[in-house]
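Q: pasting the sequence and the predicted coordinates here, then a few questions.
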Amino acid sequence: MSVRMNSAIPAGVLLGALSAQVWLAPLTKVEESFSLQAVHDILTYGVYPSGRDHYDHLTFPGAVPRSFVGPLILSIFSAPFSWICGLLGGTSAHVQVCVRMVLAVATWTSFVFLAHCLFPKTSRLRGFFYIVCSVQFHLLFWSSRTTPNGLVFPFVTASLGAIIHGRHAYVGLVALASLAIILRLELVCLAIPSYLWVWLHQRRRFFVLFLLGMVSCLCSVAVSMMLDSYFWKQRMLWPEGYALFFNVIQGHSADWGTSPPWAYLVQDLPRVLGGALPLALVGCARRRASTRTSLLVHIVVHVGLMSALAHKEWRFVMYVVPLCNALAALGLEALWKKRIGIFLSIALLCMSAAFCALATWISMSNYPGGEALV
């Protein structure tokens, strides 16, 4: 059964779903506190030394220092909306919603870019991809949250699109290595399959890739140390290096709980993907799918490497969820050719949508601390 699809409508639905999570659950929790407070301080006090002395993190530093690079970028894009809120008499709560909306739009833009990179000639596949993303609660809910993972997520998604597409692979590799060194060191487990894929499949020169990776990492360490040493008022501070020493080498990440090696495969990813999981399995079985192998390599290697760490959170592997959804889009296209496949696909998507609606309704009243402040 052949059905034409204009991908613009599903893309609009995805943007609406991301925006709805911001407006329906505008309050935040402790995981988001550092980045959101950093954005607040930058917008309120500025970045000069006189304003920096009022920053919250100097009084409440947390277990490990986090980079200011992500909050600084988010602050730059949020500054016009913060200024408009001030002119209209808005409060910091309104600015908070604007900041999260900026992050949501950035995530949506990265999804659109990824879809065009993976499926440049097939509007229907792009539409299927947007639909799958639009009914996944965890993806929608956390994409606009100012966790360190949430801040880096749109940049990682866009980088993977450039790498898999191949035309701008070097740009994507530089971005991915820089993001790993500055913002989230676990992205090294995603950079490894990316560099190997470009080397072995796209047949780029190993020496060029090695030099590119080394220069990107060294420059990123320098940028992080320059900016974060200033904001933290410390000398020679590299936050992700500090976090690596504290959490991995000293083993303090286990203080936040441990999980078995198979937790991502049998618990976290099935829960996050929902109805997209069986669709992705169908997509894996497709023949002559040009992007299938690349998607599988990135997913399997990243999840496999992250599974070796004792402390696990689904946010550590959230970067592969859009890739899994791309496989689900391939599966949807295969099932859409038969009537029974259409019914099965609709049933899986409706199941995911129902869970998304229920989880969203629960999350709306799941912030008692925020409600008390209101």
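A: Yep, that arrived. Numbers count the residues shown, from 1 in each chain.
Q: which residues touch stretch 242-253?
A: With Cβ atoms under 8 Å, 6 or more residues apart in numbering as the test, stretch 242-253 has contacts from 63-66, 185, 309-311. Every C-beta, even on glycine, is put in place using the N, C-alpha and C of the backbone.
Q: end to end, how far does it reach?
A: 13 Å (Cα to Cα, to the nearest Å).
Q: for that stretch, what is the average pLDDT?
A: In this model, stretch 242-253 carries a mean pLDDT of 80.
Q: in the stretch 1-150 of the chain, where is pLDDT below threshold?
A: 1-5 (pLDDT under 70).
Q: could you dump the contacts of stretch 242-253 into CSV and include distance to Thr91 and neighbour count?
A: Output for the contacts of stretch 242-253, formatted as CSV (distance: Cβ to Cβ, whole Å; neighbours: other Cβ atoms under 10 Å):
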residue, distance to Thr91, neighbour count
Ala63, 30, 12
Val64, 31, 15
Pro65, 29, 21
Arg66, 26, 24
Leu185, 36, 17
Leu309, 40, 17
Ala310, 42, 15
His311, 37, 16
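Q: make a markdown table from those and add secondary structure and distance to Val321 to it.
A: Output for those, formatted as a markdown table (DSSP: H, G, I helix; E, B strand; the rest coil; distance: Cβ to Cβ, whole Å):
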| residue | secondary structure | distance to Val321 |
| --- | --- | --- |
| Ala63 | coil | 26 |
| Val64 | coil | 25 |
| Pro65 | coil | 28 |
| Arg66 | coil | 23 |
| Leu185 | helix | 19 |
| Leu309 | coil | 18 |
| Ala310 | coil | 22 |
| His311 | coil | 19 |
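Q: make TSV out of these and add distance to Trp262.
A: Below are the contacts of stretch 242-253 laid out as TSV (distance: Cβ to Cβ, whole Å):
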residue	distance to Trp262
Ala63	27
Val64	27
Pro65	32
Arg66	29
Leu185	23
Leu309	13
Ala310	13
His311	15
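Q: which of these lies closest to Gly283?
A: The shortest approach to Gly283 among the contacts of stretch 242-253 belongs to Leu309, at 27.6 Å (Cβ to Cβ).
Q: what residues does that closest one make contact with?
A: Leu309 sits next to 248, 253, 316 when contact means Cβ under 8 Å, 6+ apart.
Q: so which of those wins on neighbours?
A: Phe316 (20 neighbours; other Cβ atoms under 10 Å).
Q: helices - which of the contacts of Leu309 land there?
A: With helices taken from DSSP state H, there is no overlap with these.
Q: count the residues that sit near Gly89.
A: 7.
Q: and which of the contacts of stretch 242-253 is nearest Ala17?
A: Arg66 (28.4 Å).
Q: how about that closest one, phi and psi?
A: With angles defined as degrees, to the nearest 10, Arg66 sits at phi -110, psi 150.
Q: for it, which non-adjacent residue is closest in space?
A: Of all residues not flanking Arg66 in the chain, Phe34 sits nearest, at 5.1 Å (Cβ to Cβ, 6 or more residues apart in numbering).
Q: again with Ser220
A: Ile181 (3.7 Å).
Q: can you check Lys312 too?
A: In space, Lys312 is closest to Ser259, 4.2 Å off (Cβ to Cβ, 6+ apart).
Q: quick check: pLDDT value at that neighbour.
A: Note on Ser259: pLDDT of 87.
Q: try Ala359
A: For Ala359, the predicted pLDDT is 94.
Q: check contacts around it.
A: 137, 141.
Q: equivalent analysis for the one 4 residues further on, please.
A: Taking Cβ under 8 Å, 6+ apart as the contact definition, Ser363 lies against 24-25, 141.
Q: so which of those wins on neighbours?
A: Neighbour count (other Cβ under 10 Å) singles out Ala25 as the most crowded of the contacts of Ser363, with 21 neighbours.
Q: please tell me how far that residue sits from Arg205.
A: Going from Ala25 to Arg205 by Cβ to Cβ, to the nearest Å gives 48 Å.
Q: then Leu277?
A: 38 Å.
Q: neighbour count for those two, which is higher?
A: Ranked by neighbour count (other Cβ under 10 Å), Leu277 and Arg205 place Leu277 first, with 18 against 10.
Q: setting aside sequence neighbours, what's the nearest residue to that one?
A: Pro270 (5.6 Å).
Q: and the one you found, how many residues sit next to it?
A: Applying other Cβ under 10 Å, I find that Pro270 has 13 neighbouring residues.
Q: so how far is Ala328 from it?
A: 13 Å.
Q: overlap of the contact sets of those two?
A: Shared contacts of Pro270 and Ala328, defined by Cβ under 8 Å, 6+ apart, comprise Leu277.
Q: separation between the most centrally placed residue in the chain and Ser259?
A: The centroid of the chain falls nearest to Phe153 when counting by Cα atoms, centre = their mean (2.3 Å). Counting by Cβ to Cβ, the separation of Phe153 from Ser259 is 21 Å.
Q: quick one on the thing from earlier: alpha carbons of the strand or helix carrying the residue nearest to Ser220, as PDB, please.
A: In this assignment (DSSP states H and E), Ile181 forms part of helix 169-182. Output in PDB follows, covering the C-alpha atoms of helix 169-182 (Å, rounded to 0.1, in the frame of the first residue of the first chain):
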ATOM      1  CA  ALA A 169      31.900  14.100   8.400                       C
ATOM      2  CA  TYR A 170      35.000  16.000   9.500                       C
ATOM      3  CA  VAL A 171      32.900  18.800  11.000                       C
ATOM      4  CA  GLY A 172      30.800  16.200  12.800                       C
ATOM      5  CA  LEU A 173      33.800  14.400  14.200                       C
ATOM      6  CA  VAL A 174      35.400  17.700  15.400                       C
ATOM      7  CA  ALA A 175      32.100  18.700  17.100                       C
ATOM      8  CA  LEU A 176      31.700  15.200  18.700                       C
ATOM      9  CA  ALA A 177      35.200  15.100  20.100                       C
ATOM     10  CA  SER A 178      34.900  18.700  21.400                       C
ATOM     11  CA  LEU A 179      31.500  18.000  23.000                       C
ATOM     12  CA  ALA A 180      33.000  14.900  24.800                       C
ATOM     13  CA  ILE A 181      36.000  16.800  26.200                       C
ATOM     14  CA  ILE A 182      34.100  19.900  27.300                       C
END
